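Undergrad: what shape does this take:
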Amino acid sequence: MIELRHLRTLIALKESGSLAGAAKKRFVTQSALSHQIKELETRINSQVFVRKSKPLTFTLEGSRLLTLAEEILPRVQETEFVLKRGLSGSSGPLKVGIECHSCFRWLMPVMEAFHQSYPDANLDLSSRHLFDSLNALETGELDIVLTSDPVPGHALAYQHLFDFEVRLVMAKDHPLAGNSYILPQQLAREPIISYPVPLERLDIFRHFLEPAGVVPGPQKRCDLTNVLLQRIACKEGVAALPNWSLTEAQGLSLTSVKLGQEGLKRPLFGAYRRDSSNRVQLQRLLELIAKEGLQRQDRH
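TA: Here you go, the predicted structure:
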């Protein structure tokens, strides 16, 4: 008998394009995933994909099962979601996952405006899932995720909210402060202060330093925005932060400079499940986030 885990594995194969990628999405070892696929193929007496094909190619039988998975899994997920919330219709808290530590403060006006539209709604902002937030969204642990890094998939939809600029923040008397913009080579061996995120996940590394082959200095991690800004003011290093972050630097002698001649721009998306049962509230919240974000870009 074909099981839901088999169908979920086929979806993971399609989305990742490889056994290794599918195993990562399914949180199993590649060996365990291969065993599961072999089990499925034994049950249907056919292969589901062409071995060693690049890109990965499904057989006719595999394609039919994939179509079945794309039809059934969203309905299963929707039913699970409704049952978790309770058949009485109680919506419970609206759980918002945030991958950006510095978003919390400017989201406060958004929360207030949302409560004016839905006085009984309970918004829960969380960054505890960090870069695993999209998986938490798929499993129903979150209802919305604010992210700059969408991952293609049939279960999630992404709504572009606005673009923001990532700027290099430093002390006003830092040697680089007099530049109109910064080149990657100028940050070679420069200490980077950041939130507790691996270096390879930082925008400044992925989209600015790494493409230029530049290795920065040591990474110094900090949980709190105000402490991070104080460490920058003490010239312990520099940080790449969204352009709204300096609003929290009152009383500190800080400045910001463009990363590259054109500046480093990043998008912000609101991700949600396509089968969400509270789409009206979700859309209202995303509209308010987009409005607040655009207003903040105008101020900078």
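Undergrad: distance of Leu56 from Ile37?
TA: Separation of Leu56 from Ile37 (Cβ to Cβ, to the nearest Å): 12 Å. For glycine as for every other residue, the C-beta is placed from the backbone atoms N, C-alpha and C.
Undergrad: tell me, what's touching the two both at once?
TA: Contact criterion Cβ atoms under 8 Å, 6 or more residues apart in numbering; residues shared by Leu56 and Ile37: Phe49.
Undergrad: contacts only, for Pro184.
TA: Pro184 neighbours (Cβ under 8 Å, 6+ apart): 208-209, 211-212, 214, 260.
Undergrad: now for those residues: which two are most distant?
TA: Across the contacts of Pro184, the longest distance by Cβ to Cβ is 12.0 Å; it joins Val214 and Gly260.
Undergrad: closest one of the contacts of Pro184 to Cys234?
TA: Nearest to Cys234 out of the contacts of Pro184 is Leu209 (Cβ to Cβ; 22.8 Å).
Undergrad: neighbours around that closest one, how many?
TA: Residues near Leu209, counting by other Cβ atoms under 10 Å, number 23.
Undergrad: contacting residues around it?
TA: 184, 187, 215-216.
Undergrad: Leu187 versus that one, what's the distance?
TA: 6 Å.
Undergrad: need the overlap of contacts for these two.
TA: Pro216.
Undergrad: picking that back up, could you tell me which of the contacts of Pro184 belong to strands?
TA: Among the contacts of Pro184, no member falls in strands (criterion: DSSP state E).
Undergrad: filter the residues you listed down to the buried ones.
TA: Those of the contacts of Pro184 that meet the buried threshold are 208-209, 214, by 16 or more other Cβ atoms under 10 Å.
Undergrad: just put those residues in a markdown table and tack on distance to Ala239 and pLDDT.
TA: Formatted as a markdown table, the buried ones among the contacts of Pro184 follow (distance: Cβ to Cβ, whole Å; pLDDT from 0 to 100):
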| residue | distance to Ala239 | pLDDT |
| --- | --- | --- |
| Phe208 | 13 | 97 |
| Leu209 | 13 | 97 |
| Val214 | 16 | 96 |
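Undergrad: name the nearest of these relative to Trp244.
TA: Of all the buried ones among the contacts of Pro184, Trp244 sits closest to Phe208, with 18.9 Å by Cβ to Cβ.
Undergrad: please name the nearest non-neighbouring residue to the closest one.
TA: Sequence neighbours aside, Leu259 is the residue nearest to Phe208 in space, at 5.3 Å (criterion: Cβ to Cβ, 6 or more residues apart in numbering).
Undergrad: so what's the residue count around that neighbour?
TA: 24.
Undergrad: with Gly153 instead?
TA: The burial count for Gly153: 18, using other Cβ under 10 Å.
Undergrad: pLDDT weak spots in the stretch 101-250 of the chain?
TA: For the stretch 101-250 of the chain, applying pLDDT under 70 flags the ranges 101, 129-131, 248.
Undergrad: what segments of it are helices?
TA: Per DSSP state H, counting those that start in this stretch, the stretch 101-250 of the chain carries helices over the ranges 104-117, 133-138, 203-204, 225-233.
Undergrad: pick the most deeply packed of those.
TA: helix 203-204 (a mean of 22; mean count of other Cβ atoms under 10 Å).
Undergrad: quick revisit: closest one of the buried ones among the contacts of Pro184 to Ser245?
TA: Phe208 (16.6 Å).
Undergrad: does that closest one really touch Gly263, like I thought?
TA: No. Using Cβ atoms under 8 Å as the test, Phe208 is too far from Gly263 to be in contact (10.4 Å).
Undergrad: now distance to Leu202 too, for the contacts of Pro184, in CSV please.
TA: Output for those, formatted as CSV (distance: Cβ to Cβ, whole Å):
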residue, distance to Leu202
Phe208, 9
Leu209, 9
Pro211, 13
Ala212, 14
Val214, 13
Gly260, 15
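Undergrad: name the residue most distant from the centre of this structure?
TA: Farthest-out residue of the chain from its mean C-alpha position, per Cα atoms, centre = their mean: Asn45, at 39.3 Å.
Undergrad: residues contacting that residue?
TA: Per Cβ under 8 Å, 6+ apart, neighbours of Asn45: none.
Undergrad: and for Leu19?
TA: Leu19 neighbours (Cβ under 8 Å, 6+ apart): 13, 30, 33-34.
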